[in-house]
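Novice: Prediction below, plus the sequence it came from.
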Amino acid sequence: MTHITTPDGTHIFYKDWGPKSAQPIVFHHGWPLSADDWDNQMLFFLGEGFRVIAHDRRGHGRSTQTSAGNEMDTYAADVDALVTELGLTNAIHIGHSTGGGEVARYVAQHAKGRVAKAVLVDAVPPVMVKKDSNPGGAPIEVFDGLRTALAANRAQFYLDLPTGPFYGFNRPGAKVSQGLIQNWWRQGMMGSAQAHYECIKAFSETDFTEDLQAIDVPVLVIHSEDDQIVPYADSGPLAVKLLKTGRLITYKDLPHGLCSTHPEIVNPDILAFIREEQPTAQQPQETAAPAMA
């Protein structure tokens, strides 16, 4: 397997497709998945002439099941180690859900001079948990419930999430894909139960406010109003207000896992943003309202 070794000895698995001379796009997956969650996007952007790279976060997929470092600072440092090893410059970083938090932390703290643009897709920033500075967030009991379900029966929990809210298959009239459900379960069960348990704290309690404020490259924020995992009102609109150069695209009826259920909508929007020659100042909300398939 292709991997890099971080300073603490962790092996980080990655995929690297396309010509080394092409502009790189680095994909950051959500919890508790792997680089495989980006296969559709990697094939699409490879076909558009980009070099496409995706890694398994430590404790996820084929990377080392570490007993330490299952938090955002280390996740971002691992990305920096990968980017440095591959010598990437002028890169686009795209993160979904937890991966969006990883992108925000990496771009803000490690990526000076290496990143051209970033994309956050139904991502966890600014912060998910309810606290004094985020009164609209989800109560800590919600995330305690995730931990309880994982510890009690991870295999069943990892069927229930994709069968229901993750892909919106619990919505009336939803077109259910058994393949997506099984692939979600497969990716989740490849990883470490401990790492996934600890990652719940990382994605729910990490505050990315200062990271978003520090990012000085154009950022596209994509979020759906029907996201049942990362609520729209507490994420996308708040995140874009903190960015120096941010744009928000809002979908109406798409699920949290929209990159897998509706790539024909998401991929072209991301491609259009990447291909814009001039950075754009923060813009009003752009709304697309495709019908739920």
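Specialist: Ah, there it is. In this text, all values refer to a predicted model and were calculated from it rather than measured experimentally. Residues are numbered from 1 along each chain as shown.

Novice: Confirm Lys117 sits in a helix?
Specialist: No. Per DSSP: H, G, I helix; E, B strand; the rest coil, Lys117 lies outside any helix segment and is strand.

Novice: what pairs with it across the strands?
Specialist: Judged by DSSP bridges, the bridge partners of Lys117 are Ile92.

Novice: can you start the count at 14 instead of 1 from here on
Specialist: Got it, first residue is 14 now, which makes that one Lys130.

Novice: and the closest residue to Tyr264 other than its chain neighbours, how many residues sit next to it?
Specialist: Closest residue to Tyr264 apart from its sequence neighbours, by Cβ to Cβ, 6 or more residues apart in numbering: Ser237 at 4.2 Å. C-betas here are computed from N, CA, C, even on glycine. For Ser237, the neighbour count with other Cβ atoms under 10 Å is 28.

Novice: can I assume Ser237 is in contact with Cys272?
Specialist: No. Between Ser237 and Cys272 there is no contact under Cβ atoms under 8 Å: 10.9 Å.

Novice: For the residue nearest to Tyr264, what are phi and psi?
Specialist: Backbone geometry at Ser237, expressed as degrees, to the nearest 10, gives phi -110, psi 140.

Novice: how near is it to Ile107?
Specialist: Note on Ser237: its distance to Ile107, by Cβ to Cβ, to the nearest Å, is 16 Å.

Novice: Contact partners for Val128?
Specialist: For Val128, the contacting residues are 103-106, 120, 230, by Cβ atoms under 8 Å, 6 or more residues apart in numbering.

Novice: Kindly recompute the last result at 10 Å.
Specialist: The contact partners of Val128, by Cβ atoms under 10 Å, 6 or more residues apart in numbering, come to 39, 96, 101-106, 116, 119-120, 228-232.

Novice: Now flag whichever of those residues is closest to Ala90.
Specialist: For those, the residue nearest Ala90 by Cβ to Cβ is Tyr119; the value is 8.4 Å.

Novice: Please, which helix or strand holds that closest one?
Specialist: For Tyr119, the host element (DSSP states H and E) is helix 111-122.

Novice: Mind listing the shared neighbours of Ser237 and Cys272?
Specialist: Residues touching both Ser237 and Cys272 (Cβ under 10 Å, 6+ apart): 134-135, 279.
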